Every structure is written in structure tokens, then in C-alpha cells.
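Chemist: Next one to model:
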Amino acid sequence: MLGFLEESEGKTFTREEILQALTELTSQQDFVLNPDKEKVELLMMGMVENETNHGLKYCPCRMTTENFEEDLKLVCPCNFKIQKVWREQGECWCTLFVRRKNES
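Modeler: Next comes the predicted model:
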């Protein structure tokens, strides 16, 4: 698990640390960060805000239910690859992650 996603005894992560962790996460996946840097910045801010308000880095576009076990499914990156939007459009719910294009 990436450091910024783990419980870290109150450590506040910089945007650069979060961006680096997300980039590392995608390096060996079939998805990458959205090339729209402004969108990525906004979504990262939402993730951090969710952590401040709810204690975990929930996906910024999903609503928590206040049921901890159910809400664990919403921690970013959520399990977006099982969703219809991934199969049809190649992106996660909030478009933080998009399908990697074949580099040929």
C-alpha cells in the first residue's frame, strides 16, 4: 500500500507527495492519472478534504454512507474497474484515473 494511503499518525502530506504516490500507483497499471492537471489537483484536494472530514481519503466524487465497512469500498482508489463507467468509457467515477493508451 502506498504511504499516503496508509494511516500515518496525523501526518499531513503535501500535494507533491500525494501526486508522487498516485503516479507510482499507476506506473504498473492499465490506467494513468488524468492528463488534465487542474482536474487532478481538484480531485486530490477533495480526497484530502474527505480525510479531514471523515478520517480516510475517500473518493472525492462518492458519498459516504456513515457505515464504515461499506465506506471502505470508497477509499481512493476505489474499486472502479468493476464499474460500468470503466468498461464503457475507460475512466474511474471521478476521472482521476483513465485507461492507459497503448503506446505503439
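
Chemist: Would you map the strands across this protein?
Modeler: 31-33, 97-99 (DSSP state E).

Chemist: Not counting the last one itself, show me its contacts.
Modeler: Right, the one you point to is strand 97-99. Applying C-beta atoms under 8 Å, 6 or more residues apart in numbering, the contact partners of strand 97-99 are 26, 30-35, 77, 80, 86, 90-92. Any C-beta I mention is one placed from the backbone N, CA and C, and that applies to glycine too.

Chemist: Counting neighbours, which of those residues comes out on top?
Modeler: residue 92 (24 neighbours; other C-beta atoms under 10 Å).

Chemist: What residues does it make contact with?
Modeler: Neighbours of residue 92 in contact, by C-beta under 8 Å, 6+ apart: 31, 59, 77-78, 80, 83, 85-86, 98.

Chemist: can you rerun that using 6 Å?
Modeler: By C-beta atoms under 6 Å, 6 or more residues apart in numbering, residue 92 lies in contact with residue 80.

Chemist: Quick check: the gap between it and residue 79.
Modeler: 10 Å (C-beta to C-beta, to the nearest Å).

Chemist: cool, residue 19 as well?
Modeler: In terms of C-beta to C-beta, residue 19 sits 22 Å off from residue 79.

Chemist: Please say which of the two ends up with more neighbours.
Modeler: residue 19 (17 against 12).

Chemist: Do you know the pLDDT at the more buried one?
Modeler: Note for residue 19: predicted pLDDT of 88.
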